[in-house]
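> Generate coordinates for the sequence data below:
(chains A and B)
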Number of protein chains: 2
Amino acid sequence: MDNNTKHTELSTLGEFGLIDHLTKNVKTQQKSTIKGIGDDAAVLNFEKNQIVMTTDILTEGIHFNLMYVPLKYLGYKSVMVNLSDVFAMNAQPRQITVSLAISNKFSVENIEELYEGIRLACEKYGVDLVGGDTTSSMSGLVISITAIGEAKKDDLTYRSGAKLNDLVCVSGDLGGAYLGLQLLERENEVFKVNPKEQPKLDGYDYILQRQLRPEARGDVINALKKLEVKPTSMIDISDGLSSEILHICKNSKVGCDIYEDKIPLDYQTKKFAEELSINPLVAALNGGEDYELLFTVSISDHDKIKNDPDITIIGHITEEREGANLVTGAGTTIPLQAQGWNQLSKK
Amino acid sequence: MDNNTKHTELSTLGEFGLIDHLTKNVKTQQKSTIKGIGDDAAVLNFEKNQIVMTTDILTEGIHFNLMYVPLKYLGYKSVMVNLSDVFAMNAQPRQITVSLAISNKFSVENIEELYEGIRLACEKYGVDLVGGDTTSSMSGLVISITAIGEAKKDDLTYRSGAKLNDLVCVSGDLGGAYLGLQLLERENEVFKVNPKEQPKLDGYDYILQRQLRPEARGDVINALKKLEVKPTSMIDISDGLSSEILHICKNSKVGCDIYEDKIPLDYQTKKFAEELSINPLVAALNGGEDYELLFTVSISDHDKIKNDPDITIIGHITEEREGANLVTGAGTTIPLQAQGWNQLSKK
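Prediction:
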């Protein structure tokens, strides 16, 4: 947090004052939003379409470190985390509610910054902020967002629809967000020892952006629609590829072969992994927060997707008894394990 | 928290393990729930009806003190807080999502207890638990719940519909939850000084229940429907009568006269207020957490509601320029002020 700027104590506004202050410029744009902020509840109307509803809670010290995460980026990312889940259902996000618990170390200006990021995300993705709650916390910041999306019944994609021989695909590239976090943590440690040293972030803008300002892949959902491809199953990659493909296999009662050398990795991801002497593949498999989409498509859709630069085919679905496996470059088969980002495990 | 019982570290289950464990017996019963827990998002379907959406965040040390609030009651109450908002729109609650941030002082058994309360509330009110998120926190417990309700478009009641000469009504009685809290805090202070002394709670079961285990007034919503009375405006009383009637007046652009001697107070509320030498009316006007409904009805509905034992007429709507006033027993008029329960104000 930047402590050089104006610092207005939260208590000067009080709860209602703060909510009014933060939401006074909030306008709604969705046809489905009948009434936004300002009553006991928001009122929504979706006519014949189905609704998806998802929620995430982010806590300071667990999901983010305000030593190196700007509040505006944090606000933006908090929305992305939820929109990513809506897109993973093949639905379009429409509304969010935002609840905050804030300790008194934060100023009104801090929370304005956070809201600025939330507002930017809403604007960019055409989502209405329709409600929320703001309260004190005894320590740190907690952000809880719930998102509502809309889809035609037949467009929805579940984790349970993968079929034998389907192709396994991912959007974008993986492992970058994890390596961006390692970079930020390394420079933060340096800063703690020597606050005058400038952080060495040059040449790593992409992995930093992957960590600090991810984008939910609505563009991929729209591209698939244009290509007339409906995934048979889909999930977003928030806890690492291993964990997510295992969810699909378990829910669809299938196995899979994932080819190590097909997993898309960015140049910066590989370069910084090398600098840290770690295998970038481990970051892709077990690192968190990439917010890409993992999905399966029927093999008959192969020609429609094979030239899309945002989509990589990384394997195929097998029978359940064959299990979920990683096939190495040397042809060895290794069972995939969920070692994903587990915030409740012992450190 | 009871420390004599089994204590299983949260880390033994991990995040997915804990969610699976807590939600394994969750069944959905609403026709509108197409898919509950187990995918990126829940899927809901409401056909032609409109949807209301509301969210609340409760933090340890601000909204609850686990020295004297059993976790099961806390779970129950957390749901009630949200259902109360849904009823205040004259809608029927259908689904909730529950997000928890939990510090490592809690055991799996603690969180099971909390969930047991949530489950009881869902069962009693016919609401489906369709999703959520569970994570660590650096300190204490944070509970964030979002509720979805359903209503016919023309049944919805907003804060903005009160008209000149409408009757102002409340359900139940007021101030009890605040006095229940004072009682619990007093006995907690005694306990801190002398842990062997038994708490003196006899004869105050009603105000304790008002504080620890409130019920959202769905029964009043149903009663009004049977009486064929549609309130012109409605809000739930979570921050004290003053604050809520001011919301209605502001949103409806009206004034009101509230008669001091009409405000319903329970015997125990009055008795304990006397013991503390405070005016029980102050608890009704400015105490929080009663979760009763405050609503206005057309004067032509007077005969329909006048004999309902759960409804009290406490005043009437006046013109905006007359302001929102309390009329005392002696006939003096005092402007109402929002001094409600403000968690962000300086203590």
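> Residue A:174 against residue A:262, yeah?
No: contact criterion CB atoms under 8 Å: residue A:174 and residue A:262 do not qualify, at 11.1 Å. For the C-beta atoms, the positions are set from N, CA and C on the backbone; glycine is no exception.
> ranges for the strands of the stretch 101-250 of chain A?
Along the stretch 101-250 of chain A, counting by DSSP state E, counting those that start in this stretch, strands occupy A:128-136, A:142-151, A:167-171, A:233-237.
> Parallel or antiparallel, list what pairs with the third one.
For strand A:167-171, the paired strands and their directions (DSSP bridges) are strand A:292-297 (antiparallel), strand A:311-318 (antiparallel).
> Residue A:174 and residue A:262: which has the busier surroundings?
residue A:174 (28 against 14; other CB atoms under 10 Å in any protein chain shown).
> Average pLDDT for stretch A:283-298, rounded please.
The average pLDDT for stretch A:283-298 rounds to 96.
> nearest residue to residue A:51 other than its sequence neighbours?
In space, and not counting its chain neighbours, residue A:51 is closest to residue B:44: 4.3 Å by CB to CB, 6 or more residues apart in numbering or on different chains.
> cool, and residue A:26?
residue A:129 (5.2 Å).
> Distance of the one you found relative to residue A:51?
17 Å (CB to CB, to the nearest Å).
> again, but for residue A:174
30 Å.
> next one: residue A:318
In terms of CB to CB, residue A:318 sits 34 Å off from residue A:51.
> where does chain A have low pLDDT?
Across chain A, residues meeting the criterion (pLDDT under 70) sit at A:1-5, A:15-16, A:339-347.
> Now the residue lying closest to residue A:158 once chain neighbours are set aside, what are its backbone angles?
Closest residue to residue A:158 apart from its sequence neighbours, by CB to CB, 6+ apart: residue B:39 at 5.4 Å. Note on residue B:39: its backbone torsions stand at phi -140, psi -170 [degrees, to the nearest 10].
> hmm, back to that, any chance of the strands paired with strand A:167-171 in CSV, with distance to residue B:161 too?
Conversion of the strands paired with strand A:167-171 to CSV gives the following (distance: least, CB to CB, whole Å):
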stretch, distance to residue B:161
strand A:292-297, 44
strand A:311-318, 51
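> Could you dump those strands into TSV and include mean neighbour count?
Listed next are those as TSV, based on neighbours: other CB atoms under 10 Å in any protein chain shown:
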stretch	mean neighbour count
strand A:292-297	28
strand A:311-318	21
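> Mean neighbour count added to the strands of the stretch 101-250 of chain A, as CSV?
CSV is the format used below for these (neighbours: other CB under 10 Å):
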stretch, mean neighbour count
strand A:128-136, 24
strand A:142-151, 28
strand A:167-171, 25
strand A:233-237, 27
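> Could you say which one of the ones you listed comes nearest to residue B:277?
Nearest of the strands of the stretch 101-250 of chain A to residue B:277, taken as CB to CB: strand A:128-136 at 28.9 Å.
> quick check: angle from the closest one to strand A:142-151?
160 degrees (axes from the mean of the first three to the mean of the last three CA atoms, to 10 degrees).
> List the strands paired with strand A:128-136, with their directions.
strand A:92-102 (parallel).
> Which residue ranges of the stretch 51-200 of chain A form helices?
Secondary structure of the stretch 51-200 of chain A by DSSP state H, counting those that start in this stretch: the helices cover A:71-87, A:108-125, A:176-193.
> name the helices or strands packed onto the last one?
Identification of packing neighbours for helix A:176-193 by 3 or more CB pairs under 8 Å, 6 or more residues apart in numbering or on different chains; DSSP states H and E yields helix A:205-212, helix A:267-275, helix A:280-286.
> Outline the domain layout of chain A.
Following the assignment in automatic domain parsing, chain A carries domains at A:14-152, A:167-335.
> quick one, which of those domains is packed in tightest?
domain A:14-152 (a mean of 22; mean count of other CB atoms under 10 Å in any protein chain shown).
> From residue A:132, how far out is the closest residue to chain B within the stretch 101-250 of chain A?
Going by CB to the nearest CB, chain B is nearest to residue A:144 of the stretch 101-250 of chain A, at 3.6 Å. Counting by CB to CB, the gap from residue A:144 to residue A:132 is 9 Å.
> list residues touching both of these two?
Here residue A:144 and residue A:132 have A:98, A:99, A:100, B:55 as joint contacts, going by CB atoms under 8 Å, 6 or more residues apart in numbering or on different chains.
> Any chance of those in CSV with distance to residue B:211 as columns?
Output for these, formatted as CSV (distance: CB to CB, whole Å):
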residue, distance to residue B:211
A:98, 28
A:99, 23
A:100, 25
B:55, 22
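> so which two of those are the farthest from each other?
Farthest pair in the shared contacts of residue A:144 and residue A:132, by CB to CB: A:100 and B:55, 10.8 Å.
> who touches both of these two?
With CB under 8 Å, 6+ apart as the test, residue A:100 and residue B:55 both reach A:132, A:133, A:144.
> quick one, what contacts the second one?
Shown in contact with residue A:133 (CB under 8 Å, 6+ apart): A:97, A:99, A:100, B:55, B:56, B:57, B:144.
> so can I have a markdown table of the helices and strands packed on helix A:176-193 showing distance to chain B?
What follows is the helices and strands packed on helix A:176-193, written out as a markdown table (distance: least, CB to the nearest CB, whole Å):
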| stretch | distance to chain B |
| --- | --- |
| helix A:205-212 | 18 |
| helix A:267-275 | 24 |
| helix A:280-286 | 14 |
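> Can you lay out those helices as TSV showing distance to residue A:65?
Shown next, in TSV, are the helices and strands packed on helix A:176-193 (distance: least, CB to CB, whole Å):
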stretch	distance to residue A:65
helix A:205-212	11
helix A:267-275	18
helix A:280-286	19
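> ok so, going back, which one of the shared contacts of residue A:100 and residue B:55 is nearest residue B:211?
residue A:133 (20.0 Å).
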